[in-house]
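Novice: Following is a predicted model, sequence given first.
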Amino acid sequence: MKLGSKVRFLNEIGGGVVVNVLSAHKVVVENEDGFDEVHLIKNLVEESSAKDYKLDGIEHNLSVQEKLSSESKENKLEDFYRKTKSLNRIETPEEIEVDLHIEELIDSHNGMANAQILAVQMANFKRELNVAIRKKVKRLVIIHGVGEGVLKSEIRRELYECYPTIEHHDANYRKYGYGATEILIYTYH
C-alpha cells in the first residue's frame, strides 16, 4: 500500500485514497466524504485500474497466439468430425447394422493405400463390435461387401482369435448377398 492508492473498504461500504502510511499495518485513508480515517491494511482492498487488466507487448502477443492456436485446434477437430461420417447403421434393440464400405466411413480415400483402408475399416469394426457387446445387442450385421474377400477374412480372423465364443455366419443372402457377416453377440459370455 502506498500514498495515493485508491482503496475499497473490505468490511464497510465505500472507499477512499491513502493519504498517510502510519506503519506496516496501518494507513490513513481519506474517505469519499473527505474525512481522514485510520484503517488496518488487512481491511482494505486496493482498486485496480483498467490499465492493470490490459496486456501489453509480449504478454498480449502470447495471449493472442494462444487464442489463435486454440481456435485452430478446435477447427481441426470439427473438420475431422465433419470429414469422418458416422457409420451407416440402423439400430434396434435386437440388431445393429454397420456398413464398412470405405465410402461410408470417410469422405475421401483418394491416395490411401489398400492397407490403410483396411486399417480404417477394421478399427471401425472393432469399435462397433465392442459397442454392441456393451449394449448387449443380440445381433450385429457387418456389411463388408464381396470384393476380393480381404475384409471379410480379416473380420472372421479377428472373431476367431479374440472372440472365439461368439457365433457368426454369412448374413441373410436375400438381403446382403455374400457381402455381409452376421455376428450373434448373445452367445458371447
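Specialist: Good, I have the coordinates.
Novice: who does residue 30 bridge with?
Specialist: On the basis of DSSP bridges, residue 30 is bridged to residue 17, residue 36.
Novice: Could you check the pLDDT of it?
Specialist: Reading off the confidence values, residue 30 has pLDDT 92.
Novice: show me what contacts residue 182?
Specialist: By Cβ atoms under 8 Å, 6 or more residues apart in numbering, the residues touching residue 182 are 139, 140, 141, 142, 168, 169, 170, 171, 172. C-beta coordinates here come from the backbone N, C-alpha and C atoms, glycine included.
Novice: ok, and the most crowded of those?
Specialist: residue 142 (28 neighbours; other Cβ atoms under 10 Å).
Novice: what pairs with it across the strands?
Specialist: Applying DSSP bridges to residue 142 yields these beta-bridge partners: residue 98, residue 181.
Novice: Quickly note the distance from it to residue 121.
Specialist: For residue 142, the distance to residue 121 under the criterion Cβ to Cβ, to the nearest Å works out to 10 Å.
Novice: Find residues that contact each of the two.
Specialist: Overlap of the contact sets of residue 142 and residue 121 (by Cβ under 8 Å, 6+ apart) consists of residue 100.
Novice: Check the residue most central in space within the chain and give its pLDDT.
Specialist: In the chain, the C-alpha nearest the mean C-alpha coordinate belongs to residue 77, at 8.4 Å (Cα atoms, centre = their mean). Turning to residue 77, the model gives it a pLDDT of 70.
Novice: Kindly report the same for residue 6.
Specialist: 90.
Novice: That one against residue 45, yeah?
Specialist: No - Residue 6 is beyond contact range of residue 45, at 9.9 Å (criterion: Cβ atoms under 8 Å).
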